[in-house]
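Novice: Pasted the sequence and its predicted model underneath.
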Protein chains: 2
Amino acid sequence: MHLTPPDMICFALYSAAHAMQQAYKPLLDELGITYPQYLVLSVLWAQDDQTVGAIGRQVQLDSNTLTPLLKRLQTQGIVSRERDAQDERQVRIRLTEKGYALRYAARDIPGCILDRSGLTLADATALRDKVTALRDHLRDEGV
Amino acid sequence: MHLTPPDMICFALYSAAHAMQQAYKPLLDELGITYPQYLVLSVLWAQDDQTVGAIGRQVQLDSNTLTPLLKRLQTQGIVSRERDAQDERQVRIRLTEKGYALRYAARDIPGCILDRSGLTLADATALRDKVTALRDHLRDEGV
DNA sequence: GGCATTTATATCGTACACGATTTAATCTTG
DNA sequence: CAAGATTAAATCGTGTACGATATAAATGCC
């Protein structure tokens, strides 16, 4: 017996995650940002002025991915990057005016995506929790 | 009201897909292949001698991603790439001896992953189907 | 206080993803 | 049967991911 991608739960997650990014793409194109950049901004919209590490823990990315991504956001004038005066090892990321403005421009995205998913809020929440539980189980085993 | 990544179903999928890849990594490292390469090989193990396009439809990737990936598999002596004599536009991908051997070496991976997921087969299947349905709904809307 | 250890980012190399374009082969239609 | 349309791969450019390593600042411990 042999599994092909359509049978695999890993492939379901892999292809669904990509399809989700495609669903976001036209909405994010209007804002001039990518999907991982949107995740980072969502973190900053909830709480501004965070370190690279703090952001990374929330989006589950390390500095090797975040540093270039944040530099691109900085180039676009969306965030500022500045060494912390107290602890020079840390870099504090802050939203610019433009970064704040994007929050407003992005306000309808979650609703759009829920619509596009074809799920009720309750179903989406239930599925999210199942997928999150699977992720956390996989991550815990890995340690 | 504002959603942060932990609230988003897109982030659940995104981070679960990454966690899944991490769960596969130690197993695939032993075979010397990556996770997308494993997906492609799973397709070929089910049915050898397919075109780039046919493989792409199953793993949902286009030639811009597959061509370099297949070239790397060819460099490793795992597949061969040859223009179809009947239709020179197409490139036929075939498993080498080594490519076949990997199927045997990889035979325990699905069981390992199911174990690591902490789900029963029934739960995994149910979750897979829900996630697949979501993906297909997102993809259909996109057209 | 000075040196080893730890911590926070950054850098580098490799491998996806994917939009856009290119190239070459086949098909279609007049 | 020839010109245009279509199809299949490949190429190019940009942006993630991530392992491994580097760098520099802060901390711990004698």
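Specialist: Thanks, I have the structure now.

Novice: how about the most centrally placed residue in chain A, secondary structure?
Specialist: Central residue of chain A (C-alpha atoms, centre = their mean): A:Leu39, 2.3 Å from the mean position. Here A:Leu39 is recorded as helix under DSSP: H, G, I helix; E, B strand; the rest coil.

Novice: Who are the contact partners of it?
Specialist: For A:Leu39, the contact set (C-beta atoms under 8 Å, 6 or more residues apart in numbering or on different chains) comprises A:59, B:5, B:11, B:14. From N, CA and C alone the C-beta is placed, and that goes for glycine too.

Novice: Give me the contact list for the lowest-mean-pLDDT helix or strand in chain A.
Specialist: Between all helices and strands in chain A, the lowest mean by mean pLDDT, DSSP states H and E belongs to helix A:121-142, at a mean of 94. Contacts to helix A:121-142, defined as C-beta under 8 Å, 6+ apart, come from residues A:13, A:114, A:117, A:119, B:6-9, B:12-13, B:15-16, B:19-20, B:22-23, B:116-119, B:127, B:130-131, B:134.

Novice: And for stretch A:44-62?
Specialist: The contact list for stretch A:44-62, computed with C-beta under 8 Å, 6+ apart, reads A:36, A:39-40, A:43, A:63, A:66-67, A:69-70, A:79, A:84, A:90-95, A:99, A:103, B:2, B:4-6, B:11, B:15, B:18.

Novice: From those, which land in helices?
Specialist: Using DSSP state H, the subset of the contacts of stretch A:44-62 located in helices is A:36, A:39-40, A:43, A:63, A:66-67, A:69-70, A:99, A:103, B:11, B:15, B:18.

Novice: Which ones among the residues you listed also lie next to DNA strand D?
Specialist: For DNA strand D, the contacts drawn from the ones in helices among the contacts of stretch A:44-62 by C-beta under 7 Å from any atom of the strand are A:36, A:69, B:18.

Novice: now the first one: how far from chain B?
Specialist: Distance of A:Pro36 to chain B, computed by C-beta to the nearest C-beta, to the nearest Å: 9 Å.

Novice: Tell me who's in contact with that residue.
Specialist: Going by C-beta under 8 Å, 6+ apart, A:Pro36 touches A:59, A:61, A:65, A:69.

Novice: swap in the second one?
Specialist: A:Leu69 makes contact with A:36-37, A:40, A:61 under the criterion C-beta under 8 Å, 6+ apart.

Novice: If any of these are buried, put those into a PyMOL selection.
Specialist: The following PyMOL line selects those of those that are buried, judged by 16 or more other C-beta atoms under 10 Å in any protein chain shown:
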select buried, chain A and resi 37+40+61
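
Novice: Widest-spaced pair of the contacts of A:Leu69?
Specialist: Longest distance between any two of those is 11.2 Å, between A:Gln37 and A:Leu61; criterion C-beta to C-beta.

Novice: From the contacts of helix A:121-142, keep the buried residues only.
Specialist: Using 16+ other C-beta under 10 Å, the buried ones in these are A:13, A:117, A:119, B:7-9, B:12-13, B:15-16, B:19-20, B:23, B:116-117, B:119, B:127, B:130-131, B:134.

Novice: got the phi/psi numbers for A:Asp29?
Specialist: As for A:Asp29, its main-chain torsions (degrees, to the nearest 10) stand at phi -60, psi -40.

Novice: ok, how many other residues are close to it?
Specialist: Applying other C-beta atoms under 10 Å in any protein chain shown, we find 10 residues neighbouring A:Asp29.

Novice: Tell me how far stretch A:11-21 lies from the chain's centre.
Specialist: Relative to its chain's centre, stretch A:11-21 lies at 14 Å (C-alpha atoms, centre = their mean, to the nearest Å).

Novice: That stretch vs DNA strand C: in contact?
Specialist: Yes - applying C-beta under 7 Å from any atom of the strand, one finds stretch A:11-21 in contact with DNA strand C at A:14, A:18, A:21.
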